[in-house]
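[1] task: produce atomic coordinates for the following.
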Amino acid sequence: MKKPRANSRDKILAAAADVARESGPGNLSLDAVAQRAGVSKGGLLYNFPTKAKLMQALVEHHLQEFQEALEEARRECAQGNLLAAYVKLSAKKFEEDQPPSAWIFSAIAEDPDFLAPIRVFQRELFDRLKAETPDFKALLLTYFAVEGMRSASLFDFQVLSEQERQSLVSSLLSVAKGKLAPVPEPA
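    Just a heads-up that it's a prediction; the model follows:
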């Protein structure tokens, strides 16, 4: 079966994320994105009339991809445990060897209002987790530990060793599954 071709909008979004990651915050140029995507600048502007619209779409695309990955992770978890799926998906993302998402900084530098959909997404995610997690304290500990790890990764603050991170993820999965057991401190 043939893999479907990416449409120009998807190619542009992927190129924009790459260019922002490589160029650093605030240095995203539409010319560089068009060149990387293999489209004309007119083609880029047809899909995204302004740089702000491109950055807004990039943020929305990132959130949609996370949502889809979360649903897939949930299907793979025992009894569809959303909190465990959230921990597993986040841990998988932390393991991927990729540079921090500088495009987020680019988007925020372009327009601080780009944080609004992220805030809404995070609140909706927390509310879903809250509705499906019987132990509110376990949810608080797990959610904020994962978000702390995400923030550390975003800012490239690698405080934990790989072994310590794995120990934390293991502990969070135990909490998410309602089976917290003592975890020995890594050597």
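
[2] quick one: terminal-to-terminal distance for stretch 22-34?
    Start to finish, the residues bounding stretch 22-34 are 15 Å apart (CA to CA, to the nearest Å).

[3] tell me which residue is most central in the protein.
    For the chain, the residue lying nearest the average C-alpha position, counting by CA atoms, centre = their mean, turns out to be residue 66 (5.6 Å).

[4] neighbours around residue 137, how many?
    Other residues within reach of residue 137 by the criterion other CB atoms under 10 Å amount to 9. (Glycine included, C-beta is placed from N, CA and C.)

[5] can you list phi and psi of it for me?
    Reported as degrees, to the nearest 10, the phi and psi values for residue 137 are phi -60, psi -40.

[6] my guess is residue 57 contacts residue 48, does it?
    Yes - at 6.1 Å, residue 57 and residue 48 qualify as touching, with contact defined as CB atoms under 8 Å.

[7] and those two? which has more neighbours close in?
    residue 48 (21 against 17).

[8] distance of the nearest residue in space to the more buried one that is not next to it in sequence from residue 42?
    Distance criterion CB to CB, 6 or more residues apart in numbering; nearest residue to residue 48, sequence neighbours excluded, is residue 54 at 3.9 Å. According to CB to CB, to the nearest Å, residue 54 stands 14 Å off from residue 42.

[9] more neighbours: the two, which one.
    A direct count of neighbours by other CB under 10 Å for residue 54 and residue 42 places residue 54 higher, at 24 against 8.

[10] next one: the helix or strand containing residue 131 to chain centre, how far?
    Element membership of residue 131 [criterion: DSSP states H and E] is helix 115-132. Here the centre of mass of C-alpha atoms in helix 115-132, compared against the chain's by CA atoms, centre = their mean, to the nearest Å, lies 13 Å away.

[11] list the buried ones in it?
    118, 121, 125, 129 (16 or more other CB atoms under 10 Å).

[12] now stretch 137-152
    Buried residues in stretch 137-152, counting neighbours by 16+ other CB under 10 Å, are found at 138-139, 141-143, 145-146, 149, 152.

[13] next one: stretch 155-163
    Going by 16+ other CB under 10 Å, stretch 155-163 has these buried residues: residue 160.

[14] and it, how far out from the chain middle?
    With CA atoms, centre = their mean as the basis, stretch 155-163 stands 17 Å off its chain's centre.
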